[in-house]
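In: Would you be able to build a 3D model of this:
(one chain, ligands or ions: 2)
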Amino acid sequence: MGSAIPKQYLMLGALPMLRHVLDTFASASVIAHTYLVVSPEDGYIDALLADAPELSDRVTLLRVGGATRHQSVLNGLHALQDHVAGDDWMLVHDAARPGLTVALIEQLIAAVGADPVGGLLALPVADTLKRGRDDRVEQTVERAGLWAAQTPQMFRHALLVQALEQARQVTDEASAIEALGLQPLLVQGSTRNFKVTLPDDADLATLILNRTP
Ligand SMILES: Nc1ccn([C@@H]2O[C@H](COP(=O)(O)OP(=O)(O)OP(=O)(O)O)[C@@H](O)[C@H]2O)c(=O)n1
Ligand SMILES: C[C@](O)(CO)[C@H](O)COP(=O)(O)O
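Out: Ligands and ions are numbered 1, 2, ... in the order given. Below you'll find the model as predicted:
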């Protein structure tokens, strides 16, 4: 992102990116509670939460973030060990996906709630895919059956801890579950739930969020 402040604190419209995400989870009645994992050195979160006293009953801050997403998620799950049951469902979401809606959360839970494995929001790939090398096309990759993984990703606490503890470095929870030989359920997500990665993405996210407050 190349921003002066961590990207999750960039203003998107009137609110920081992370606040949009927290407000969405807090207003979803299907969500029992939200645990927010930040780095122990995070110098921005106190001001964000001070501006949102209405979130205090719905959000608990865990200053246990790690060097990677994988480690942050696992540290967060470990911190909850004594507060949740092994079969409680956990929805893991990126701070960098502020376009999530309550409706998408509800759709994920409705689809996955009775599944023995768990699942994730994802979108079927629509573009023709090229594998590149040195800025030249090396190969066109067959796109049939390919999905782009989004978040939330929803798995039971005990299974997810086991999977993340055993997995090599993974970039999402589903990969760790797959490494156990299980097949997470793919649930249709939305283009608005994209991951803010490049500077232009912040402008696009602002447009989307302004359209649907
Ligand atoms: N050490 C880390 C890195 C990332 N994340 C989470 O993983 C999400 C997706 O990662 P991404 O935003 O792509 O990673 P960053 O490394 O934070 O950002 P960038 O790729 O833009 O450098 C983040 O929004 C954040 O919620 C985390 O919990 N702990
Ligand atoms: C979890 C994720 O957003 C699914 O697409 C993605 O894998 C995060 O990866 P990153 O490497 O942390 O951007």
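In: Secondary structure of Leu186: a strand, I assume?
Out: Yes. Counting by DSSP: H, G, I helix; E, B strand; the rest coil, one finds Leu186 located in a strand.
In: tell me the contacts of it?
Out: For Leu186, the contact set (Cβ atoms under 8 Å, 6 or more residues apart in numbering) comprises 119-120, 122, 147. Glycine gets a C-beta too; all of them are placed from N, C-alpha and C.
In: so which of the residues you listed comes closest to Gly65?
Out: Distance to Gly65, by Cβ to Cβ, is smallest for Leu120 among the contacts of Leu186, at 21.2 Å.
In: Now the closest one, what are its backbone angles?
Out: With angles defined as degrees, to the nearest 10, Leu120 sits at phi -150, psi 160.
In: and if you look at the one 10 residues further on?
Out: Here the main-chain torsion angles of Lys130 (degrees, to the nearest 10) amount to phi -120, psi 140.
In: What is the least confident helix or strand in the protein?
Out: Using mean pLDDT, DSSP states H and E, the weakest-scoring helix or strand in the chain turns out to be helix 199-211, at a mean of 94.
In: what about it, near ligand 1?
Out: No. Helix 199-211 lies apart from ligand 1 when judged by Cβ under 6 Å from any ligand atom; the minimum separation is 9.2 Å.
In: how about that helix: buried residues?
Out: 202, 204-206, 208-209 (16 or more other Cβ atoms under 10 Å).
In: cool, stretch 153-169 as well?
Out: The neighbour-count criterion (16+ other Cβ under 10 Å) identifies 153-161, 163-164, 167 as the buried residues of stretch 153-169.
In: How far does it sit from its chain's centre?
Out: Remark: stretch 153-169 is offset 15 Å from the chain centroid, using Cα atoms, centre = their mean, to the nearest Å.
In: ok so, going back, and the least confident helix or strand of the chain, how far out from the chain middle?
Out: Going by Cα atoms, centre = their mean, where helix 199-211 is centred and where its chain is centred differ by 18 Å.
In: just stretch 65-73 next, same as before
Out: Distance of stretch 65-73 from its chain centroid, counting by Cα atoms, centre = their mean, is 12 Å.
In: what comes up buried for that stretch?
Out: For stretch 65-73, the neighbour count (16+ other Cβ under 10 Å) marks 65, 69-70, 72-73 as buried.
In: Of those residues, which are in range of ligand 2?
Out: Arg69.
In: Low-confidence ranges, the chain, go.
Out: 213 (pLDDT under 70).
In: any residue of the longest strand anywhere in the chain up close to ligand 2?
Out: Identified as the longest strand of the chain according to DSSP state E is strand 147-156. Yes. Strand 147-156 reaches ligand 2 (Cβ under 6 Å from any ligand atom) through 149-151.
In: Okay, the spatially most central residue of the chain and ligand 1: tell me how far apart.
Out: Geometric centre of the chain, nearest residue: His93, 2.2 Å, by Cα atoms, centre = their mean. According to Cβ to the nearest ligand atom, to the nearest Å, His93 and ligand 1 sit 7 Å apart.
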